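# Here is a sequence together with a model predicted from it:
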Amino acid sequence: MSSPHTPPDPITLAVVAGALASIVREMSVVIERTARSPVVALSHDYSNAVYTMANGSPEMIVQGHDQPCHLGGMLASVKSVAGRYGDEVARGDVIVGNDPDLNGTHLPDIDIIQPIFFADRLVGWACSRAHEVDIGGPNPGGYNPLAADIYAEGLRIPPIKLVEGGRVREDVWSFILANVRSPHLLRGDMGAQLSAVRIATRRVQELFEKYGLEAVESSMVELLDRAERLMRAQIASMPDGVYTGGQWIQEDGRGAPDALVGCSIEVAGDEMKISLDSPPACKSYRNSYGGLTTGAVYFGVISGLEPGLPINEGLYRPLEVDLGPRGTMLNAEHPAACAMSTGDIWSTVFDAVCDAMSNVVPERACAGWTRVAIFEVAGIDPRYGQHYSGLLHVALMGGAGAVHGLDGGGLWGVISTGGASTTGDIELLEFRFPLHFFEHELRRDSACPGRWRGAVGATVQFAPVAHSVALTHVGDGTKFPPPSRLGGGSPRDAERVHTKFIVGRDGSREPIPLHSLKTAEDGQRILVLLPGGGAVGAAFERDPELVRRDVEAGFVSLKAAREEYGVVLDPTSRALDPAATAEMRNAGSAAPETP
C-alpha cells in the first residue's frame, strides 16, 4: 500500500481522476495534430502516460488508450530515468531515450520524458513514446532480419537531456537527426511528443495550483490504492492453484528453431505469481529486455479481469513476475538485438499468459489476434526526392480474436497494439507515401471458427508509383495461426497465416518469405493476405442463425459453414436447413460444451 495521506473527499477524488484522464487525452490530440510521419499521425503508433511521485518514486497514475506494448515498457523507462538523474533534473528539463535495457523498448520507439515540478518539488513525470520512421542502422525503419546484435539495428540513445532548463540542446537534436534517413519526419514527430509532454506538465501544474499539493497527491495515492484493492479482490475471487499455458513462436531465420514460451500462474489468496519459461537468447532481432516483457505479462493478466477496472500502477502491486534468468530471449542482456520485442515476442508472451489465464477464469477466455508479421516500406519519394520509410500498418492489421461471449471485433490488428493502431485512410496513405492502393477488403473464411469466431482478415494490394520500393518482411505468423481457446478453431487454421507476394506484370506471384529483404519495381504489385483472429469455444456450438448471418455478410462461405460449423444452408436462398444441420452436428461434433 501507499505512504500515509489524508484521504480525499469523494468529489475531489473524482475531479482529480477526471482531470488526469483529460490531460492524457490532450497529449494524444497534440500528437495527432502536429506529428509528421504517417506511422505516428495516421496509424496512432504512439502512447502517453503521466506518473506521480506522491509515494516517493514514479508510479503511473494515468495512461492513454494507447499501445499496450508501449505502456508496459514505459513503466521501466520513467523509473530508469528517475534513478539515473536523481536530483539532477530541474524545471524545464526534457529527457530523450530509446535504450532497450534502460527504457524497456526497442530502438524505433523513442521516449520523451519531462519531470513535473510544483513549488520547487518534483511531483511527477510526463512521458510520450512514439514509433519513429527510421532510427539509422543498415536497414530503413530499424527492422533488420540479418542483425546479430543491437549495433546492427540502429542508433541507441541512453537517457540524455534534450531540453535543459527550458532551452533546447541543439547539439543533441543534430546528433540524433544526423544518424537517420528521414530527419524531417523524425524532427516533426519528436517535436510533437515534446509538445505533448509540455502540455501535460502545464496541465498537471494547473491542477496542483487549483486544488493544492495535499489534495491532489492524496487523490493520486487513493487512486493507486483503490486499483490495488480492486485487483486483490479480483485475484481473491479466483480459485487458488497453479495454472499453465503456452504459445509457440516460429523460427527466426538465423538458426533459432520454433520455440514454446511457457507460462505458469500461481494464485494464492489475493496475490498472483506469473512465471515464464523462456527459450534461449537468439542471435537475431528476436529478443526482449525485461521491462518490455513485464508489460506483456501485465496485459495478459488484465485479459482475465472484469472489464472496466482503472488501469494505473496500483493494479500491478499484487503481481509477482518471474522472467527467468538474464540472458534469455525474454530477459535479454546487452548487446542482444531486439527489434521484434514489441511485435512477435510481446504477442507470444501475451498469448502464453492469456492461455494460462483462460484456465484460471475460462468464463473470460480471450483468443489470440492476428500474429505479428510486419511489413516495412522504404524508398526515395519521386515527388520530392526525399527518403521515406514506414511500418505499413494496413499490411499488418488482420482480425482480432474472440472473447468468451463475443466474436472478434474487426480489423483491429495485433494484440501488441491492442486496437489502438489504425490503418489510416487509404487516400491519406497515398498522399503521404508514393504508393497506390488497388484493394483493401475483408477476406472470407479467414477467421478461426468457434462458438465465438475471430474477426475476419483482409486482402491488401498496392504498388510503388514511379520508383522501386524496398520491402522488409519480419516477425512471425507465417506458420502458426492465431491461437483459439476452449476447443475453438479447426484443422483449416493452418491456412490462416500471413502470406505476401510480389505480383509481376504478367500476373505471376513471387512469395515474400519471412525474415527477408525484397524490392518491388515500378509496374509490380504487392499482394498481402492477412489472417483473421482466433476463436473461443467449439465451432459446432455456434448458433446456426449466426452462421447464416455470417454467410449473408460474406464472412463465411457455404462450404466453411458446412465443414467447419456443421451448418447446412440452401445454396440459392441461403435459408437454414435445421434438420440437416442437426444431423450433421450430431454426427460430427465430439467437442465438449464450452463452460
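Nice, thanks for sending it over.

# where exactly do the helices run in this protein?
10-34, 38-41, 68-85, 100-103, 170-177, 183-211, 213-236, 290-302, 344-360, 426-432, 544-553, 558-565, 578-588 (DSSP state H).

# May I see the ones you listed arranged in JSON lines, with mean neighbour count, mean pLDDT and distance to residue 525 as well?
Backbone N, C-alpha and C define where each C-beta goes, glycine included. Below are the helices of the chain laid out as JSON lines (neighbours: other CB atoms under 10 Å; pLDDT from 0 to 100; distance: least, CB to CB, whole Å):
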{"stretch": "helix 10-34", "mean neighbour count": "17", "mean pLDDT": "97", "distance to residue 525": "31"}
{"stretch": "helix 38-41", "mean neighbour count": "25", "mean pLDDT": "95", "distance to residue 525": "20"}
{"stretch": "helix 68-85", "mean neighbour count": "24", "mean pLDDT": "96", "distance to residue 525": "31"}
{"stretch": "helix 100-103", "mean neighbour count": "26", "mean pLDDT": "94", "distance to residue 525": "36"}
{"stretch": "helix 170-177", "mean neighbour count": "14", "mean pLDDT": "97", "distance to residue 525": "34"}
{"stretch": "helix 183-211", "mean neighbour count": "20", "mean pLDDT": "97", "distance to residue 525": "26"}
{"stretch": "helix 213-236", "mean neighbour count": "20", "mean pLDDT": "97", "distance to residue 525": "49"}
{"stretch": "helix 290-302", "mean neighbour count": "25", "mean pLDDT": "97", "distance to residue 525": "35"}
{"stretch": "helix 344-360", "mean neighbour count": "28", "mean pLDDT": "97", "distance to residue 525": "26"}
{"stretch": "helix 426-432", "mean neighbour count": "15", "mean pLDDT": "95", "distance to residue 525": "14"}
{"stretch": "helix 544-553", "mean neighbour count": "17", "mean pLDDT": "98", "distance to residue 525": "27"}
{"stretch": "helix 558-565", "mean neighbour count": "20", "mean pLDDT": "97", "distance to residue 525": "27"}
{"stretch": "helix 578-588", "mean neighbour count": "13", "mean pLDDT": "92", "distance to residue 525": "40"}
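
# Need those helices in JSON lines (columns: distance to residue 131).
Output for those, formatted as JSON lines (distance: least, CB to CB, whole Å):
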{"stretch": "helix 10-34", "distance to residue 131": "12"}
{"stretch": "helix 38-41", "distance to residue 131": "6"}
{"stretch": "helix 68-85", "distance to residue 131": "8"}
{"stretch": "helix 100-103", "distance to residue 131": "13"}
{"stretch": "helix 170-177", "distance to residue 131": "15"}
{"stretch": "helix 183-211", "distance to residue 131": "9"}
{"stretch": "helix 213-236", "distance to residue 131": "28"}
{"stretch": "helix 290-302", "distance to residue 131": "13"}
{"stretch": "helix 344-360", "distance to residue 131": "13"}
{"stretch": "helix 426-432", "distance to residue 131": "15"}
{"stretch": "helix 544-553", "distance to residue 131": "33"}
{"stretch": "helix 558-565", "distance to residue 131": "36"}
{"stretch": "helix 578-588", "distance to residue 131": "46"}
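
# contacting residues around the residue nearest to residue 492 when sequence neighbours are not counted?
Closest residue to residue 492 apart from its sequence neighbours, by CB to CB, 6 or more residues apart in numbering: residue 564 at 6.5 Å. Listed by CB atoms under 8 Å, 6 or more residues apart in numbering, the contact set of residue 564 reads 449, 490, 492, 539.

# measure stretch 410-424 end to end?
Terminal residues of stretch 410-424 are spaced 15 Å apart (CA to CA, to the nearest Å).

# Equivalent analysis for stretch 232-245, please.
22 Å.

# Next: stretch 405-417.
End to end - CA to CA - stretch 405-417 spans 22 Å.

# and that stretch, which residues are buried?
Neighbour-count burial for stretch 405-417, counted by 16 or more other CB atoms under 10 Å, picks out 407-409, 411-417.

# Dump the residues you listed into CSV; add distance to residue 501 and pLDDT as well.
Shown next, in CSV, are the buried residues of stretch 405-417 (distance: CB to CB, whole Å; pLDDT from 0 to 100):
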residue, distance to residue 501, pLDDT
407, 29, 98
408, 25, 97
409, 28, 93
411, 20, 93
412, 24, 94
413, 21, 90
414, 21, 95
415, 25, 95
416, 25, 95
417, 25, 94
